[in-house]
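[1] Whatever this is, show me its structure:
(3 chains)
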Amino acid sequence: MSALTVTNLCKAFGGLHVTTNVNLNVEPGERRLIIGPNGAGKTTLFNLITGEITPDSGAIKLFGEDITRTPSRRRPHLGMARTYQIITLFPRDSIIHNVSLALLGLSPARWNPITNLRHQGHLIENGLKALERVGLAHIAERPLSQTSYGERRRVEIAMALAQNPKLLLLDEPFAGLSIDERQDVHKCLMAIPRDVTMVMIEHNMDVALAFAERITLLHFGEVIVEGNRAEVVDNPRTREVYLGH
Amino acid sequence: MSFWLVLTVNSITFGGLLFLLSAGFSLIFGLMRIPNLTHGSLFMLGAYVGATFVAGLTGFQMNFWLAAVVATLTVAVAGALAERLLLRRLPGDQLAQVLVTLGLSFMAADFCLMVWGGDPLSVTTPSELQGFARFGTMVFPLYRLAIIVIAMVVAIALWLMLERTRLGAMIRAGVDDPDMARVVGIRVSQLFTIVFALGAGLAGFAGIVGGPILSVYPGLDQDMLPLALVVVILGGSGSLLGSFVGSIIVGFIYNFGQALLPELAYFVLFMPMLLVLLLRPQGLFGRHVP
Amino acid sequence: MNSATSGRIFAIVVAIGALATLPYWMQGIYYVNVASQILFYAIFALGLNILVGYGGLVSLGHAGLFGVSAYAAGYMLQLGYGHSLAIAVALFMGMASMAVYAVLSLRATGIGFIMITLALGEILWGLAYRWISLTGGDNGISVPSRPAPFGFSMSDINTFYYITLITFIASLALCWVFVRSPFGAALRGTRDQPRRMNALGYHVWAIRFWACLFSGLLTAVSALLFVYYTQFISPQTLALTSSAEVLLMVISGGPGTLLGPIIGAGLVVIVKNVVSAFIERWNFLLGAIFVAIVILMPEGLVPGSVRLWRLAMRWRRTKGGTAP
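    Got it, this is the predicted structure:
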């Protein structure tokens, strides 16, 4: 059973076709990279998979279960987690509060208007564990507004990991990072065990290629090339897409 | 039969007055994306200033039309000052700007009370329009018919301004896409001041033009603001045609509602506004959703 | 327990002590009445703040909901029913109309939400004003008597004050618990990043809906105290200006804090009742204060004052040469 199967997915906004007959099959534990020039529809594809946008036609299956009609807020409960291209964290709160919110999202406690959030020990405990995985547990109490960009990227990853996803979607996790920060994030991602399937969108080729096992190249919303690293790099269509000839 | 005809003519008249009131509101809402909650106060201010000069309260009596010009300019200046000194300090923060217009409406209402007191002021109809027009057995006050003409003249003038002048092109660009407009070199913040002043001036003009029919009294602002809101929500913000059509519709609903369903008069007025907000938020001709 | 927490507890104890003994040191029933007003308007402001400050949803129609509960109580009493039933019906009607209100207005956010709530408030005002057979129109409905819970008659000024004070403390405690709870954190999350919250598995609409109901409960409670205080309800209570006034209380004090709405309520009530004896045009003053706060101290008086205080402390320390 594959982890993620996308079948003939289509989406158009008015006359603009942003996703055209995309087929994708990601095996459990795989590290898949999605590349393509700007405007290729990579983030739109992610938005379709997470359910933030509804497809015009096609199907999405998560570990065999058809989730095409499942509302986006249910999908994290089914094991799907996602990070964003533009950091959308909670700046007024501490790092540990941000991660606790991620944990709370899957917990029935989120409907509890009575007890004190700070007394939810398991949220704090698991939150700290997630922060350890990205190397930020030592500054858990720091307000998010006092962190660096690279640290915030890692907080995002911690929030995604805290939800114990079976499928992790990463939208340009290396964007805007310095070389050192990229190393830190790369270390976190490589340390993620095989029971998490990972699909990543990235522009930065050095880190991305090191990470990827299979690569899907998108252009104008369509899958142009797919295969392992060597296959995609050698394919003349890849050069066409990126260099225009 | 004549009852219905009179009601119809009154509805169109009131619609004309509402158009003068709402056109400015619609422009401000369309360009600056805020419902200007001071708009009713600007209407009232124009009415008070105009009434003062028509009645010669300062010892200085003016011809009605001259008083109307003075009122319009006064309120336009007030609007420009409010925008420049207050709203411009909150760029992009629409919520805060709405709250400022709310606070200003409190201040304006009390200011009028301070200056003009609590008694209503009546505004004498301009002498040249103090008569009746006869159509067969029907008799209509000339002034009411004049309001319809004035509204149409202003509508045409505004349309010409929007479609044929550079300023109008800039306003339309700003309504469609303020970011793009900035990129293209349009000084959007200056445009905001101009449009706010224009909208305010129109409201003030509407106030004095409506004076002979509505007179001026404390609370006039509270009566007119919700009507402007309904017109612009129904017609769509940023659309002149929307304001025009919306004004006529509201004029009819208001007058017929008061006459036929007095208990539900306001319900009948605000329910369509609610339905539009829920089902078709951009209104009939609006450019974007509030 | 550090000095900040013990300082805060001390301040709360002093405040409760002062409030509990207020009728004895505040000279004159007029001022005791003003205190009662501040307390039940504070409950109203706390209720609105749940939406505005913690939910990020600015409502300009809350006076309409306030009016529904007040009219429900007045109407039941006018029909001859007892206080217990009138209160129960008022609470029920208040929450039921809030539920309808939430379903309609939560279809939008931001300016759209404001417009829908404004329209709803105007509809309710229009019904109160014109549906004369039900509401008496501009003449309003008079409430002949105040209740006497456990034999303590609220017709006595001091008793009314104490019952209001107890209700206020209970409401404040409810808000305090709510804000610190996981649901409260979830609500604040939807205020700051609704899209992200959705992606984390939260049901954003449902969270907002339940927050509206809690707000509705507090609004209904304050409306009951109001209608028993004034023993009269008229359409003016539901007008846009009334919705604006309670919003003013929340914004001026500091949305997103618990103390802010209380200070804001105090500010508005004092300007309306006390300052108005000296300055005839207090509406102008209120509007001016509001504009000044929105422009100069947008976070509100409470957080703004705390910020200024901290700045002043830091300035003093660096001037004195000691390390900050």
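[2] so C:Val246, which of the three states?
    The three-state label given to C:Val246 by DSSP: H, G, I helix; E, B strand; the rest coil is helix.
[3] oh, I was asking about C:Gly189
    Going by three-state DSSP, the state assigned to C:Gly189 is helix.
[4] Identify the residue nearest it in space, chain neighbours excluded?
    Computed as C-beta to C-beta, 6 or more residues apart in numbering or on different chains, the closest residue to C:Gly189 that is not its neighbour in sequence is C:Met197, at 4.7 Å. Glycine gets a C-beta too; all of them are placed from N, C-alpha and C.
[5] roughly how far apart are A:Asn47 and A:Phe174?
    With distances defined as C-beta to C-beta, to the nearest Å, the gap from A:Asn47 to A:Phe174 amounts to 20 Å.
[6] Neighbours of A:Thr20, how many?
    Taking other C-beta atoms under 10 Å in any protein chain shown as the criterion, the count of residues near A:Thr20 is 16.
[7] What's the mean pLDDT across the helix or strand that contains it?
    In this assignment (DSSP states H and E), A:Thr20 forms part of strand A:16-26. This predicted structure assigns strand A:16-26 an average pLDDT of 90.
[8] So what touches whichever helix or strand comes after that strand?
    Moving toward the C-terminus from strand A:16-26, the next helix or strand (DSSP H and E) is strand A:31-35. Under the contact criterion C-beta atoms under 8 Å, 6 or more residues apart in numbering or on different chains, strand A:31-35 has outside partners A:26, A:42, A:45, A:197-203, A:205, A:208-209, A:211-218.
[9] Go through the strand or helix carrying B:Val149 and flag the buried ones.
    With the criterion set as DSSP H and E, the secondary-structure element containing B:Val149 is helix B:142-164. Under the neighbour-count criterion of 16 or more other C-beta atoms under 10 Å in any protein chain shown, helix B:142-164 has B:Tyr143, B:Arg144, B:Leu145, B:Ala146, B:Ile147, B:Ile148, B:Ile150, B:Ala151, B:Val154, B:Ala155, B:Leu158, B:Leu162 buried.
[10] So what's the gap between stretch C:189-201 and the chain middle?
    Centroid displacement of stretch C:189-201 relative to its chain, using C-alpha atoms, centre = their mean, to the nearest Å, is 26 Å.
[11] same deal with stretch A:75-87?
    Chain-centre distance of stretch A:75-87: 6 Å, with C-alpha atoms, centre = their mean.
[12] Indicate whether that stretch makes contact with chain C.
    Yes - for stretch A:75-87, a contact with chain C is found by C-beta under 8 Å from any C-beta of the partner chain, at A:Pro76, A:His77, A:Arg82, A:Tyr84.
[13] Excluding chain neighbours, give the residue nearest to the first one in space.
    The shortest distance from A:Pro76 to any residue that is not its chain neighbour, by C-beta to C-beta, 6+ apart, is 3.8 Å, and that residue is C:Gly201.
[14] for the closest residue to chain A within the stretch 1-150 of chain C, phi and psi?
    Of all residues in the stretch 1-150 of chain C, the one sitting closest to chain A is C:Ile50 (10.8 Å; C-beta to the nearest C-beta). Backbone torsions of C:Ile50, given as degrees, to the nearest 10, read phi -60, psi -40.
[15] quick one: contacts for residue 112?
    Just going to use chain A. Applying C-beta under 8 Å, 6+ apart, the residues contacting A:Asn112 are C:Ser181, C:Pro182, C:Phe183.
[16] you looked at the wrong chain, it should be chain B
    Contacts for B:Cys112 (C-beta under 8 Å, 6+ apart) come out as B:Ser41, B:Met44, B:Leu45, B:Tyr48, B:Pro218.
[17] just to confirm, which helix or strand has it in it?
    Assigning secondary structure by DSSP H and E places B:Cys112 in helix B:94-116.
[18] tell me which parts of chain A are close to chain C?
    With the criterion set to C-beta under 8 Å from any C-beta, chain A comes near chain C through A:50, A:52, A:72-74, A:76-77, A:82, A:84, A:88-92, A:97, A:100-102, A:104-107, A:109-118, A:120, A:159, A:163.
[19] ok so, going back, can you show me the CA trace of the strand holding A:Thr20 as PDB?
    Backbone C-alpha positions of strand A:16-26 (Å, rounded to 0.1, in the frame of the first residue of the first chain) are rendered in PDB as follows:
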ATOM      1  CA  LEU A  16      -5.900  29.400 -15.500                       C
ATOM      2  CA  HIS A  17      -5.000  25.700 -15.100                       C
ATOM      3  CA  VAL A  18      -2.700  25.400 -12.100                       C
ATOM      4  CA  THR A  19      -2.800  21.600 -11.800                       C
ATOM      5  CA  THR A  20      -3.300  19.300 -14.800                       C
ATOM      6  CA  ASN A  21      -3.700  15.600 -14.500                       C
ATOM      7  CA  VAL A  22      -1.100  15.100 -11.800                       C
ATOM      8  CA  ASN A  23      -0.400  11.600 -10.800                       C
ATOM      9  CA  LEU A  24       1.800  10.800  -7.900                       C
ATOM     10  CA  ASN A  25       2.600   7.700  -6.000                       C
ATOM     11  CA  VAL A  26       4.800   7.900  -2.900                       C
END
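[20] which one is the residue of the stretch 101-250 of chain B found nearest chain C nearest to, not counting chain neighbours?
    Per C-beta to the nearest C-beta, B:Phe106 is where the stretch 101-250 of chain B lies closest to chain C, at 3.0 Å. Spatial nearest neighbour of B:Phe106, chain neighbours left out: C:Gly287 (3.0 Å); criterion: C-beta to C-beta, 6+ apart.
[21] Neighbours of that neighbour, how many?
    For C:Gly287, the number of neighbouring residues by other C-beta under 10 Å comes to 24.
[22] That one contacts B:Val100, correct?
    No - using C-beta atoms under 8 Å, C:Gly287 is not in contact with B:Val100; the gap is 9.7 Å.
[23] report the longest helix in chain B, please.
    If you go by DSSP state H, chain B has its longest helix at helix B:2-32.
[24] By proximity to chain B, which residue of the stretch 201-324 of chain C wins?
    Taking C-beta to the nearest C-beta, the stretch 201-324 of chain C has C:Gly287 as its residue nearest chain B, at 3.0 Å.
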